[in-house]
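Chemist: The sequence isn't on hand, but the structure is:
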């Protein structure tokens with residue numbers, strides 16, 4: 001395949017007249033300043049590497065717009081989320097996730113990290129196939145044409161020393177050993193060109209100290225990414241201090257759960273010592289700005305984390321919106337609100353968080369750049385919309401990050417296959433899929 005991009009993001013800069021060639025799912029040649037071959041597919045606008053959504057809970061999309069009816073709190077929102085979880089089975093979840101992943105594709109996302117903790121039947125009884133819902137999520141990503149890292153989450157407690165009840169029974173395997181056996185079975189059959197399996201600790205609230213070490217050890221043994229919700233709410237920190245006498249970050253460090261293969265999600269309410277621990281161990285941080293503001297979580301110290309050495313990635317989490325360009329600019333704009341200073345991250349750094357850093361956090365190190373050998377993921381943003389018209393070549397990256405939205409994505413290629421053309425998904429009628437699923 002050959003594509004001819006009017007402009008493309010190559011080597012952290014915008015180049016004009018870029019010929020991109022692939023063999024199978026990999027780019028073989030990237031040539032700026034090339035003449036347009038007559039057979040190449042034209043890509044008018046700015047072509048970027050595929051985006052990675054490093055933190056997703058697909059079924060939360062059912063709450064979009066509905067969770068705004070009452071003022072509420074994070075905890076009343078969680079009650080609504082549990083009611084949605086109560087109603088899902090493998091078939092209905094696959095239908096909903098297919099719509100979510102196709103919406104992601106339409107927004108330029110070519111890989112998703114699905115943080116998966118809805119494992120069992122209502123009441124906690126496993127399905128005949130204990131990984132039936134995990135398989136449904138893998139199939140949904142394939143149908144939508146994107147890659148997935150299924151981050152299978154261990155969830156054992158309702159709080160330190162508190163047993164699971166109600167909807168939470170669907171989340172739990174009973175022990176870290178039982179979680180490990182279920183995930184081992186998933187590993188044995190689920191690896192494919194579009195899918196990888198990762199591990200997750202739901203949180204220090206939901207996984208006791210000894211189990212944290214067991215899950216982290218399993219992830220290291222298999223070279224798997226390990227993700228964990230970290231200090232999203234002050235109540236989580238308070239509960240951890242009461243139970244263990246240390247912060248959640250310190251507990252993870254003492255349990256061997258931090259390091260370059262680990263990504264802490266949110267990392268909102270941290271102490272300076274927490275920040276130093278995350279940065280000094282090279283632990284990544286996935287920030288989900290549209291969810292964090294929707295749930296009133298607060299503004300995390302993202303600038304301090306980046307300076308300490310934590311690579312930053314982005315997620316849409318509960319999918320109040322699905323727009324990685326919005327998440328990227330919010331990384332900078334929220335830090336301006338927190339510090340009342342401008343200019344923390346360049347457009348190049350924000351694009352890195354949305355592309356190659358997100359892919360690396362999900363175990364796809366060869367994705368997220370337009371260079372030979374990388375996965376052939378191309379996202380083209382139009383430059384003639386009301387939001388982007390008038391952009392000048394020397395500031396196209398800034399225009400894309402700070403002005404464009406998901407609605408400006410016109411073309412998406414994932415692994416060498418075109419999945420979005422003229423802003424429409426080629427496999428899934430996304431509005432119709434949502435109407436049926438919801």
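Modeler: Ah, there it is. Since this is a predicted model, take the numbers as computed values, not measurements.
Chemist: mind checking which helix or strand residue 259 is in?
Modeler: Using DSSP states H and E, residue 259 maps to neither a helix nor a strand.
Chemist: How far off centre is the host helix or strand of residue 151?
Modeler: Using DSSP H and E, the element containing residue 151 is strand 147-154. Chain-centre distance of strand 147-154: 10 Å, with C-alpha atoms, centre = their mean, to the nearest Å.
Chemist: And the following helix or strand past that strand, what's buried?
Modeler: Moving toward the C-terminus from strand 147-154, the next helix or strand (DSSP H and E) is helix 176-190. Across helix 176-190, burial judged by 16 or more other C-beta atoms under 10 Å covers 176, 179, 180, 182, 183, 186, 190. (C-beta placed from N, C-alpha, C; glycine too.)
Chemist: between helix 176-190 and strand 147-154, how many degrees?
Modeler: Put simply, helix 176-190 runs at 160 degrees to strand 147-154, going by axes from the mean of the first three to the mean of the last three C-alpha atoms, to 10 degrees.
Chemist: what does helix 176-190 rub up against?
Modeler: Here helix 176-190 makes contact (C-beta atoms under 8 Å, 6 or more residues apart in numbering) with 119, 130-131, 134-135, 138, 150, 152, 154, 156, 173, 197, 199, 207, 210-211, 214-215, 218, 222.
Chemist: Throw together a ChimeraX command that grabs the buried residues out of the residues you listed.
Modeler: Here is the ChimeraX command that picks out the buried ones among those, judged by 16+ other C-beta under 10 Å:
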select :119,130,131,134,135,138,150,152,154,156,173,197,199,207,211,214,215,218
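Chemist: Can you tell me which of the contacts of helix 176-190 end up in helices?
Modeler: Among the contacts of helix 176-190, the residues falling in helices (DSSP state H) are 134, 135, 138, 210, 211, 214, 215, 218, 222.
Chemist: Now the fifth one: closest residue in space, sequence neighbours ignored.
Modeler: So the one you mean is residue 211. Ranked by C-beta to C-beta, 6 or more residues apart in numbering and with sequence neighbours excluded, the top spatial neighbour of residue 211 is residue 176, at 3.9 Å.
Chemist: And the residue lying closest to residue 347 once chain neighbours are set aside, which helix or strand is it part of?
Modeler: Distances taken as C-beta to C-beta, 6+ apart put residue 397 closest to residue 347, at 4.1 Å, once the chain neighbours are dropped. Using DSSP H and E, residue 397 falls within helix 396-402.
Chemist: gap between the lowest-mean-pLDDT helix or strand in the chain and the chain center?
Modeler: The helix or strand of the chain with the poorest confidence is helix 74-87; it has a mean of 88 (mean pLDDT, DSSP states H and E). Here the centre of helix 74-87 is set off from its chain's centre by 21 Å, with C-alpha atoms, centre = their mean.
Chemist: who's in contact with it?
Modeler: Taking C-beta under 8 Å, 6+ apart as the rule, helix 74-87 contacts 59-60, 62-63, 66-67, 70, 118, 122, 166-168, 170, 233, 295-297, 318.
Chemist: List the contacts of the residue most central in space within the chain.
Modeler: Taking C-alpha atoms, centre = their mean, the centroid of the chain lies closest to residue 54, which sits 1.9 Å from it. Residue 54 is in contact with 113, 227, 263, 286, 313, 314, 315, 358, 361, 362, counting by C-beta under 8 Å, 6+ apart.
Chemist: Which parts of this structure belong to which domain?
Modeler: 2-48+370-437, 51-361 (automatic domain parsing).
Chemist: Would you double-check that the residue nearest to the centre of the chain falls in a strand?
Modeler: Yes - the assignment for residue 54 by DSSP: H, G, I helix; E, B strand; the rest coil puts it in a strand.
Chemist: Kindly state the pLDDT recorded for it?
Modeler: Note for residue 54: predicted pLDDT of 99.
Chemist: Could you report the distance from it to residue 15?
Modeler: 27 Å (C-beta to C-beta, to the nearest Å).
Chemist: Residue 115 too?
Modeler: Going from residue 115 to residue 15 by C-beta to C-beta gives 35 Å.
Chemist: okay, the two: which has more neighbours?
Modeler: Neighbours of residue 115 and residue 15, each counted by other C-beta atoms under 10 Å, are more numerous for residue 115; the result is 25 against 19.
Chemist: my guess is that one meets residue 155, correct?
Modeler: No - taking C-beta atoms under 8 Å as the definition, residue 115 is not a contact partner of residue 155, at 10.6 Å.
Chemist: Verify the contact between residue 313 and residue 355 for me.
Modeler: No - here residue 313 lies out of contact with residue 355, judged by C-beta under 8 Å, at a distance of 9.4 Å.
Chemist: Give me the secondary structure label for the residue nearest to residue 260 when sequence neighbours are not counted.
Modeler: Take residue 260 and drop its neighbours on the chain: the residue closest to it by C-beta to C-beta, 6+ apart is residue 282, 4.2 Å away. Assigned by three-state DSSP, the conformation of residue 282 is coil.
Chemist: Surely residue 282 touches residue 305?
Modeler: No - assessed by C-beta under 8 Å, residue 282 is found out of contact with residue 305, at 11.6 Å.
Chemist: of these two, who's got more company?
Modeler: residue 305 (23 against 15).
Chemist: What residues does that one make contact with?
Modeler: So residue 305 contacts 267, 270, 275, 278, 279, 285, 312 (C-beta under 8 Å, 6+ apart).
Chemist: tell me, how many neighbours does the second one end up with?
Modeler: The local packing of residue 270 (other C-beta under 10 Å) involves 24 other residues.
Chemist: who's in contact with it?
Modeler: 231, 247, 249, 278, 300, 301, 305.
Chemist: Please pick the buried ones from those residues.
Modeler: Using 16+ other C-beta under 10 Å, the buried ones in the contacts of residue 270 are 231, 247, 249, 278, 300, 301, 305.
Chemist: Okay, the residue nearest to residue 347 and residue 238: tell me how far apart.
Modeler: For residue 397, the distance to residue 238 (C-beta to C-beta) stands at 42 Å.
Chemist: who's more crowded, the two?
Modeler: Between residue 397 and residue 238, counting by other C-beta under 10 Å, residue 397 is the more crowded of the two (21 against 11).
Chemist: Good, wrapping up.
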